[in-house]
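Colleague: heads up, no residue letters with this:
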C-alpha cells in the first residue's frame, strides 16, 4: 500500500479492518508490517511510532526495509544480512531546487505559537534573492531549525 499527499487515503485499509492511527494512517512496525498478515505499508500512508513522514527519502528507506523483509520472510531468500532490516525513523531535513533556486529546511523550522523557548535570526536580502531564517532556543545556545533560500 502506497499513498501520496497530505492526508493518507486509508479507506481501503479501514474497510479491510487494518489498524489505523487515531488521526489516520496505517499503523506499521519497524519492518513496515501492518496488523493484517502479509500486508505492508510504506510512504505517506505508513504511521510509524505515531508519525507520518511526508518526504520521499523516508519512503525510499521504508521501501528498502519492506523489500528485504518480504524477500527474507515471505519468499525465504537468504539475503546474508548482518541484522534484521528495520525502519527506525528518518532525517526530516529537505533540500529542493525550485525553478533554479535552492531551497532547504531542517529541524523545527516552524515552532508552535505557544512555544516560549524560541529566538529567530532572519537575513532577508530581497535584491540578492537570499532568505535565511534560523530558529534557536531563547538563550541562542542551541540551533533548533532553519529555512534557507
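Modeller: Noted; the coordinates are in hand. Since we're looking at a predicted model, the values are computed, not measured.
Colleague: which sections of this structure are below the confidence cut-off?
Modeller: 1-6, 92-99 (pLDDT under 70).
Colleague: need the helices for it, in chain order.
Modeller: 11-15, 56-69 (DSSP state H).
Colleague: now what about the first one, what contacts it?
Modeller: Think helix 11-15. 1, 20, 26, 34, 41, 45 (Cβ atoms under 8 Å, 6 or more residues apart in numbering). Using the backbone N, CA and C atoms, a C-beta is placed for each residue, glycine as well.
Colleague: Now do the buried residues in that helix.
Modeller: For helix 11-15, the neighbour count (16 or more other Cβ atoms under 10 Å) marks residue 13 as buried.
Colleague: check contacts around residue 130.
Modeller: Contacts of residue 130 by Cβ under 8 Å, 6+ apart are 123-124, 149.
Colleague: JSON lines please, covering the contacts of helix 11-15 and showing distance to residue 103 and neighbour count.
Modeller: Below are these laid out as JSON lines (distance: Cβ to Cβ, whole Å; neighbours: other Cβ atoms under 10 Å):
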{"residue": "1", "distance to residue 103": "30", "neighbour count": "21"}
{"residue": "20", "distance to residue 103": "33", "neighbour count": "19"}
{"residue": "26", "distance to residue 103": "30", "neighbour count": "30"}
{"residue": "34", "distance to residue 103": "34", "neighbour count": "22"}
{"residue": "41", "distance to residue 103": "29", "neighbour count": "26"}
{"residue": "45", "distance to residue 103": "26", "neighbour count": "25"}
